[in-house]
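Enquirer: structure here, sequence nowhere to be found:
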């Protein structure tokens, strides 16, 4: 049985958005844990590192800020240098809903290694969903495909691919440029070649840096940034299930029947790419005073209230098998 936490009036992690559940599920999907790997022509590749363990992870999540403190341990007798990847959410090029300030997230990402700030390298990838035939009708596949090289071949540079984050360019102009380049590889993604507004794509930012882990020693890494937060005017039945909202929580909702909410997601599963389970894991989640909060938790740790609006989960020898999605629901 799932370990549920529900925040009620009496007493009461990670995203593109899950708004109107389909859009919200897209948006909320991906603040993330660090992992080792590389960014190649075909996209991001994550690899499991057998010599470095995540000794501890202290994760704080609120709508205003995400803070992550890691301790990594080199289990070998030699220094090891790896590429560390930190992926941000894939943000849609077209948003028809209440969406987060992507520019704020992009601008305030900070990394400290052993207490000293570093400047990570920035990579931008684009993704599109192929058109498939389902029940005799054309529709888009659930899984997107990395299309970065197609965008580059059509003369679209990295700054333009970042437009969903920075708003520096007009996405319809970029879409028209895609159509004008007549790249046959685009045919599987474009439903209407006469209207650039019907082209849909996502932009993902990935931060990376080279990190040397000293032999038999701990390396500390800290991130802070503003999360992407989705939202909608009503928490429906599908979202009830997704965020494990039960009857006890529902009793705290406003009598009007309207259930406006905001939500975010944090990818925990990349934390399983290290040599061992996470020895000590702590998750702290904070809500606003005028909100209820609900999420699913499949670990062994119990949810504890440690403040008026703050809740904590601790795990030992933790292997993340699920990601963390939380809804902040107006009372």
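Expert: Sure, I can see it. As the structure is a computational prediction, the values presented were derived from the model and not from experiment.

Enquirer: most remote residue from the protein's center?
Expert: Largest separation from the mean C-alpha position in the chain: residue 77, at 34.4 Å (C-alpha atoms, centre = their mean).

Enquirer: pretty sure that residue contacts residue 216?
Expert: Yes: if you go by C-beta atoms under 8 Å, residue 77 and residue 216 touch, sitting 6.5 Å apart. The way it works is simple: take the backbone N, C-alpha and C, and place the C-beta from them, glycine included.

Enquirer: coming back round to it: please report phi then psi for the residue farthest from the centre of the chain.
Expert: Per-residue torsions, residue 77: phi -90, psi 10 (degrees, to the nearest 10).

Enquirer: swap in the one 3 residues further on?
Expert: With angles defined as degrees, to the nearest 10, residue 80 shows backbone torsions of phi -130, psi 130.

Enquirer: point out where the stretch 51-200 of the chain drops to low pLDDT.
Expert: Scanning the stretch 51-200 of the chain with the threshold set as pLDDT under 70 gives 95-106.

Enquirer: excluding chain neighbours, what is closest to residue 306?
Expert: residue 312 (4.8 Å; C-beta to C-beta, 6 or more residues apart in numbering).

Enquirer: my bad, residue 175
Expert: Using C-beta to C-beta, 6+ apart and skipping the chain neighbours, the partner closest in space to residue 175 is residue 196 (3.6 Å).

Enquirer: roughly how far does that neighbour sit from residue 181?
Expert: Applying C-beta to C-beta, to the nearest Å, the value for residue 196 to residue 181 is 12 Å.

Enquirer: of the two, which one has the most company?
Expert: The neighbour comparison of residue 196 against residue 181 (other C-beta atoms under 10 Å) goes to residue 196, with 19 against 14.

Enquirer: I'd assumed residue 180 was in contact with that one.
Expert: No: the pair residue 196 / residue 180 is not scored as a contact, 9.4 Å apart, by C-beta under 8 Å.

Enquirer: sorry, back to before: nearest spatial neighbour of the residue farthest from the centre of the chain, skipping sequence neighbours?
Expert: Closest residue in space to residue 77, ignoring its immediate chain neighbours: residue 215 at 5.2 Å, by C-beta to C-beta, 6+ apart.

Enquirer: burial measure for that neighbour, as a count.
Expert: 12.

Enquirer: next one: residue 192
Expert: Residue 192 has 10 neighbouring residues, counting by other C-beta under 10 Å.

Enquirer: quick check: closest non-adjacent residue to it.
Expert: Leaving aside its chain neighbours, residue 192 sits nearest to residue 198 (4.2 Å; criterion: C-beta to C-beta, 6+ apart).
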